[in-house]
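Engineer: Here is the input, now give the coordinates:
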Amino acid sequence: MKHFFIIVNMKKSLAEKTSNAIREFLKDCGKETSCKIWDGPRQKKYELPEGTDCIITIGGDGTLIQAVRATMGSGVPVIGFNRGHLGYLTQLSKGKDIAPAMKRLLEEDYSIEERMMLKARVYRNGKCIYRDVALNEVLLSRYDSLRTIHFKVYVNETCLNDYGADGLIVATPTGSTAYSLSAGGPIAEPEAKMMIMTPICSHTINSRSIIFSPEDTIRIVPEGANQIVACDGDAPVELKKGDEVVVKRSRHSARLVRLSEESFLETLRDKMTFV
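Structural biologist: Numbering: from 1, shown residues only. Got it, this is the predicted structure:
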């Protein structure tokens, strides 16, 4: 790797200091860098300089996820430096990690993880009014009300169920350790290929998570108002009765740089206090 694009979330403690240290190290090695300030969910797309070999995010998991979404289709791998809280997706977290990590990147001593992504579309009267992608999850949730929402779920045009719940999560394996896990969903190996559908506080006793093939199509039809859909916690769109939310596997994937030799199970134990 020779050319690096650095995305910095200045709201995070020590983010600027970390960015300066990385840029100084790379400059001393004669490598080119570009630096952008992370603009939260409002940053829809980053124009990468030609020849960019690697994207470095400095912040937390949210910064990394937004960087993946905003550079989708570029094929450029991403590595994260954690200046947030849990940092499950980010590889690095300590100042002493900078020099050895950058050295490994320069020497091509790393592997690439391919992470499945989802695409979501909202159709109203046959017209697409919303489209977005998700690395973690597509969320259907209630809006401006504490009442249970009602919706139908179809899988490959077959009606699966009528739900009364607080919402619905369709997650990737990467997202299985995020909101989906909090809602009672299963944990999946991050490079697996599947969709995990989990109702949120369903009013049906036997309502559980269901695992679907990555080739399946999930269609959600709201049966009332006060419902929204959002991808990875980004700006939601309000739904109307009769809208259709269609979730499929995206043709794009997230390419994450892996330096650590720690296994998936070791990461679960260390990051999630999994025993």
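Engineer: where in the stretch 151-275 of the chain is pLDDT low?
Structural biologist: For the stretch 151-275 of the chain, applying pLDDT under 70 flags the ranges 262, 271-275.
Engineer: for the protein, what spans make up the helices?
Structural biologist: Remark: helices assigned in the chain by DSSP state H are 15-28, 61-70, 98-106, 179-182, 264-272.
Engineer: most neighbours per residue, which of those helices?
Structural biologist: The highest average neighbour count among those, using mean count of other C-beta atoms under 10 Å, belongs to helix 61-70 at a mean of 25. Using the backbone N, CA and C atoms, a C-beta is placed for each residue, glycine as well.
Engineer: From the contact counts, what lies against it?
Structural biologist: strand 54-59, strand 78-82, strand 127-134 (3 or more C-beta pairs under 8 Å, 6 or more residues apart in numbering; DSSP states H and E).
Engineer: coming back round to it: next, format the helices of the chain as a markdown table and append distance to I218.
Structural biologist: What follows is these, written out as a markdown table (distance: least, C-beta to C-beta, whole Å):
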| stretch | distance to I218 |
| --- | --- |
| helix 15-28 | 37 |
| helix 61-70 | 20 |
| helix 98-106 | 37 |
| helix 179-182 | 14 |
| helix 264-272 | 25 |
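Engineer: quick one, which of those helices is nearest to M117?
Structural biologist: Closest of the helices of the chain to M117 is helix 61-70, at 7.8 Å (criterion: C-beta to C-beta).
Engineer: any idea how far C29 is from the residue nearest to the spatial centre of the chain?
Structural biologist: In the chain, the residue lying closest to the centroid (C-alpha atoms, centre = their mean) is L135, at 2.9 Å. Going from L135 to C29 by C-beta to C-beta, to the nearest Å gives 30 Å.
Engineer: quick one: V138 from R121, how far?
Structural biologist: As defined by C-beta to C-beta, V138 lies at a distance of 10 Å from R121.
Engineer: Report the set of residues contacting both of the two.
Structural biologist: Both V138 and R121 are contacted by V245, under the criterion C-beta atoms under 8 Å, 6 or more residues apart in numbering.
Engineer: From the neighbour counts alone, determine which of those two ranks first.
Structural biologist: Between V138 and R121, counted using other C-beta atoms under 10 Å, the more crowded position is V138 (28 against 16).
Engineer: Where do the domain boundaries of this structure fall?
Structural biologist: With domains defined by automatic domain parsing, the chain comprises 3-110+259-272, 117-251.
Engineer: any weak-confidence spans in the stretch 1-150 of the chain?
Structural biologist: Using pLDDT under 70, the stretch 1-150 of the chain drops low at 39-42, 84-87.
Engineer: how does it look with 80?
Structural biologist: Applying pLDDT under 80 to the stretch 1-150 of the chain flags the ranges 38-44, 84-88, 91.
Engineer: Run through the residues that contact I56.
Structural biologist: Going by C-beta under 8 Å, 6+ apart, I56 touches F4, F5, I6, I7, I22, V78, I79, G80, F81.
Engineer: C128 is in contact with A120, correct?
Structural biologist: No. If you go by C-beta atoms under 8 Å, A120 and C128 don't touch, sitting 10.6 Å apart.
Engineer: ok, those two, which is more surrounded?
Structural biologist: Neighbour count, other C-beta under 10 Å: between A120 and C128, A120 has more, with 25 against 11.
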